[in-house]
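Q: structure here, sequence nowhere to be found:
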């Protein structure tokens, strides 16, 4: 039941408890006499034990995710403190770093994870990050959820529940409540023994509980009989799973962790306003009885899985039960206080925002709300703190979860009744933070710098006021090492200037005054003076197109074309992009965080993220990749087609490899556009063939396409649609579409969209030149891959390790000769094929338990048909895998069919009958080879090096 239970971690090391003394509140639950006092069965003790377990786990170097951090924050834990620090990184900073990683490559992150991140950053008042994450989910959402695929319900349902819990699942918010309702109702089972459960294909307890809660957050739930029936049916199915000891969990086909399912049930009932103590078993035991008396193990862990997930689920449930937090409900109103205020110009006034929920509870959302002033010339507002600018009247608004509350503000010219600080204690400055690729990380806009903050009225204090995360240098006191996850590197790093002047002192020693203009920017050139304030506020400022012919004139601004569905339909079927991909292409600069009109991201090797992934990534299909790779290799492209001024046109390869959509107005005269596919590493420059140097660490994914006449510049960008066989080994975020710059002899990266559903690269081209798709190829070296023993495997292993498919064994060693177990190879295949892992469950093998580290991988491999067990019902996960077993798994992964090729190995008779067809197919497919002495050695143990090479061949088509 799997995807959801992805937190198997081990508890470790020292003891931590003292700071939670204030939370040890006795609470006597109905039917739980032994719960009195702060004993082993009190809520306070369970809270302390859960926090202790999570802290020890993080201190030992294991991962806690954003939801863990969110729940710990609810418990009053400061997850940015030194107690929650591992190797210089606090848990809070680790979560924020992951949030920025999500923003940079959102399509690689499941909706559930993004929703968990929203809860955390929203709780911490990081409104900008919250807004960006919500926009990512809004772009993903459809009537079929956020994520797609066989197991997507295990991401979509909790995502909706978490969004509802945070107040973002309602009319008027970024997330569509109507789509949420349709999806949740459509995925419930409505017949058979599991009627009422979620999903319709797999009755899963946690998903059912979370779906019930998600439905309860949808506006109008109480008046919607369809939703109420779905909730009632879900609760009925859940109650049928109650056990004699009071716990609630499913036992078939595999036993769930009773602590997880019981906690989910308690939270669900509390959310619905029901008493969890009223659900009792035939022996009179309640859910609360079980939680208090059975959840905690003697070793300080919780549940049968004994992992962080157990501890966090118990922590959240106990916080609800002892009243530390209120059960979430649907937000129905927001109030801003004070309702009216009068403030003298130059002073400040703090406003607060409180949300009221339909269950009667309230919550202070001052730090989480999005604040605005109706007249920004009268006042500015940040986090509810208003800075009065000049005399006048305006409204101050706070928006949260689709709700908006307002209050009035009067600003007087001189001191008058009101509250606030003096000009000596704060000042209003304007600030912008510009990232490595020119993207605006903040502003340009005003912030109030308070003298009371840790850096005072300084440039560093202004950066602090933006709320953008930053890290100070441990080597150079007072200097910033990283902003928004972009760290100083080599000669590149963060600089700042005030009113156009680059400072000669550190940011903490550089004072600021009201109305100063401050720019922080990531400099890649020590001689650069950085961006100008006017550039940042002028939307028409763009980067000119690269590769323009000498003496040519680039347009002052780059027109933005919008690809209509009509022209897209004129392409061959293979080149027709999906609607979502075309939408992403229209807003490519926004998605990449670039200023509108930016035409390129700089030289290949220095550019950052350059591709937006559109669509839902599916498990890797090596067979499909091989087929497309072969098809494209056999196809030749040599096109010449006339285009006419003022007319639309489509220039495309009839076999569906490459096409250009030419909008009306793109060309000013009639001429012929040519497209020619060149040899692998040859580019045509000025009619003279010469080698186009590919930077180290990159390789060509596509052919090089010569679009001519070279140097032709379009008046309006044209749209490129290019079919590409992306190797499964290549991560989409490592792709780059590059144009060959004739003047510099370098490849320059341009913004592009990868349409994963169609296998297309889409981009807007400003001019004609040589284009190609390349991929960054990270590698990881190991000291024990030495010649001559393992030089044959070195390249494959280093690339697999760079892609995160295999890992070393410590001390920069790979242990290439070490035998591989059946479980280890199954896990390697699952990782390589990107199969969804259902951690915490088992499959139908007697010797695979739910808490085995490999259980999730074995379950995924079994369901995908990659592995089979023995006749006695075992899998024998710890047995060393031999070469014929290796062949069988690889053939299943590649979906290779039988072959008539006869085996000629001298030891053919030693190959088991069941494996002969697989061995023959693996040999014919180039996956496995024999030994120089003519043997195959089917029973020989397969080592780590051999297994890695086989997986590399499978993924790369070599």
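A: Ah, there it is. Note that the coordinates shown come from a computational prediction; the quantities given were computed from them, not determined experimentally. Numbering: from 1, shown residues only.
Q: okay, which residue is most central for this structure?
A: residue 109 (2.9 Å; Cα atoms, centre = their mean).
Q: give the closest residue to that one in space, chain neighbours not counted.
A: Nearest non-adjacent residue to residue 109, counting by Cβ to Cβ, 6 or more residues apart in numbering: residue 102, 4.7 Å away. Bear in mind the C-beta positions are built from the backbone N, C-alpha and C, glycine included.
Q: the one you found: what secondary structure?
A: Secondary structure state of residue 102, per DSSP: H, G, I helix; E, B strand; the rest coil, is helix.
Q: picking up where we left off before, any idea how far the residue nearest to the centre of the chain is from residue 115?
A: Applying Cβ to Cβ, to the nearest Å, the value for residue 109 to residue 115 is 10 Å.
Q: residue 908 against residue 936, yeah?
A: Yes. Proximity of residue 908 to residue 936 meets the contact threshold set by Cβ atoms under 8 Å, at 7.1 Å.
Q: so which of the two has more stuff around it?
A: residue 936 (23 against 15; other Cβ atoms under 10 Å).
Q: the more buried one: what secondary structure?
A: coil.
Q: so how far does stretch 298-307 reach from one end to the other?
A: Stretch 298-307 has an end-to-end distance of 14 Å (Cα to Cα, to the nearest Å).
Q: in the stretch 501-650 of the chain, which spans are strands?
A: 501-502, 517-523, 611-614, 638-643, 649-652 (DSSP state E, counting those that start in this stretch).
Q: for the ones you listed, which one sits closest to residue 304?
A: Set against residue 304 and scored by Cβ to Cβ, the strands of the stretch 501-650 of the chain come closest in strand 611-614, at 37.3 Å.
Q: look up the residues forming beta bridges with residue 487.
A: residue 482 (DSSP bridges).
Q: now do it: how many residues are near it, please.
A: There are 16 residues near residue 487, going by other Cβ under 10 Å.
Q: got it, and the one 3 residues further on?
A: Summarising burial for residue 490: neighbours were counted as other Cβ under 10 Å, giving 6.
Q: now it: phi and psi?
A: phi 60, psi -130 (degrees, to the nearest 10).
Q: roughly how far does it sit from residue 439?
A: Distance from residue 490 to residue 439, by Cβ to Cβ: 20 Å.
Q: over to residue 120?
A: As judged by Cβ to Cβ, residue 120 and residue 439 stand 23 Å apart.
Q: same check, this time on residue 146
A: 24 Å.
Q: so those two - more neighbours on which side?
A: residue 146 (27 against 22).
Q: chain neighbours aside, what residue packs nearest to the more buried one?
A: Residue 146 sits nearest to residue 111 (Cβ to Cβ, 6+ apart), 3.4 Å away.
Q: next helix or strand past the helix or strand hosting residue 288?
A: For residue 288, the element it lies in under DSSP states H and E is helix 287-294. Scanning forward in sequence from helix 287-294 by DSSP H and E, the next helix or strand is helix 308-321.
Q: what's the mean pLDDT across that next one?
A: For helix 308-321, mean pLDDT rounds to 92.
Q: what's the answer for stretch 529-543, then?
A: On average, stretch 529-543 scores 62.
Q: and the pLDDT for the residue nearest to the centre of the chain?
A: pLDDT, read off for residue 109, is 90.
Q: how much space between residue 383 and residue 454?
A: Taken as Cβ to Cβ, the span from residue 383 to residue 454 is 16 Å.
Q: who has more neighbours, the two?
A: More crowded of residue 383 and residue 454, by other Cβ under 10 Å: residue 383, with 18 against 9.
Q: surely residue 782 meets residue 802?
A: No. Contact criterion Cβ under 8 Å: residue 782 and residue 802 do not qualify, at 11.3 Å.
Q: packing partners of the longest helix anywhere in the chain?
A: Assignment by DSSP state H gives helix 43-59 as the longest helix of the chain. Packing contacts for helix 43-59, counted by 3 or more Cβ pairs under 8 Å, 6 or more residues apart in numbering; DSSP states H and E, involve helix 66-74, helix 287-294, helix 308-321.
Q: okay, now the domains of the chain?
A: 18-321, 331-412, 426-537, 565-776, 791-956 (automatic domain parsing).
Q: okay, those, which one's buried deepest?
A: Ranked by mean neighbour count, these are led by domain 18-321 with a mean of 20 (mean count of other Cβ atoms under 10 Å).
Q: which residues of the stretch 601-750 of the chain fall in helices?
A: 622-634 (DSSP state H, counting those that start in this stretch).
Q: quick one: low-confidence ranges for it?
A: 605-608, 616-620, 679-692 (pLDDT under 70).
Q: ok, now with 90
A: Under the criterion pLDDT under 90, the flagged ranges of the stretch 601-750 of the chain are 601-636, 645-648, 654-656, 664-670, 678-699, 701, 710-713, 715-716, 726-735, 740-748.
Q: sorry, back to before: can you tell me which of the helices and strands packed on helix 43-59 comes nearest to residue 745?
A: helix 66-74 (44.8 Å).
Q: strands paired with the helix or strand that the closest one is followed by, and their directions?
A: Per DSSP H and E, the first helix or strand lying C-terminal to helix 66-74 is strand 85-86. Sheet pairing of strand 85-86 (DSSP bridges) gives strand 89-90 (antiparallel).
Q: what's the partner strand in contact with?
A: Residues from elsewhere that reach strand 89-90, judged by Cβ atoms under 8 Å, 6 or more residues apart in numbering: 79-82, 84, 97.
Q: shouldn't residue 215 be in contact with residue 181?
A: Yes. Using Cβ under 8 Å, residue 215 is in contact with residue 181, at 7.3 Å.
Q: what sits against residue 609?
A: 104-105, 437, 592, 733.
Q: what about it, distance to residue 794?
A: 29 Å.
Q: helices and strands around the helix or strand where residue 774 lies, which ones?
A: In this assignment (DSSP H and E), residue 774 forms part of strand 770-776. Here strand 770-776 touches strand 682-685, strand 698-700, strand 705-708, strand 713-723, strand 735-741, going by 3+ Cβ pairs under 8 Å, 6+ apart.
Q: distance of residue 624 relative to residue 80?
A: 46 Å.
Q: please disregard the earlier target; I meant residue 248.
A: The value you get for residue 248 to residue 80, if Cβ to Cβ is used, is 36 Å.
Q: pull the helix or strand with minimum mean pLDDT from the protein.
A: Of all helical and strand segments in the chain, the minimum by mean pLDDT, DSSP states H and E falls on strand 682-685, at a mean of 42.
Q: spit out the residues that contact residue 215 and residue 181 alike.
A: Listed as contacting both residue 215 and residue 181 by Cβ under 8 Å, 6+ apart are residue 227.
Q: ok so, going back, can you redo the helices and strands packed on strand 770-776 as JSON lines with distance to residue 662?
A: As requested, the helices and strands packed on strand 770-776 are arranged in JSON lines below (distance: least, Cβ to Cβ, whole Å):
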{"stretch": "strand 682-685", "distance to residue 662": "21"}
{"stretch": "strand 698-700", "distance to residue 662": "26"}
{"stretch": "strand 705-708", "distance to residue 662": "12"}
{"stretch": "strand 713-723", "distance to residue 662": "5"}
{"stretch": "strand 735-741", "distance to residue 662": "18"}
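Q: out of the ones you listed, the one nearest residue 134 is which?
A: Across these, closest to residue 134 is strand 735-741 (Cβ to Cβ), at 26.5 Å.
Q: now do that closest one against strand 770-776, angle only.
A: Per axes from the mean of the first three to the mean of the last three Cα atoms, to 10 degrees, the angle that strand 735-741 makes with strand 770-776 is 140 degrees.
Q: quick check: phi and psi on residue 445?
A: phi -170, psi 170.
Q: revised request: answer the last question for residue 663.
A: According to degrees, to the nearest 10, residue 663 has phi -80, psi 160.
Q: any idea how far it is from residue 570?
A: Taking Cβ to Cβ, one finds residue 663 at 12 Å from residue 570.
Q: now residue 239, nearest residue through space, not along the chain?
A: Distances taken as Cβ to Cβ, 6+ apart place residue 279 nearest to residue 239, at 6.4 Å, with adjacent residues excluded.
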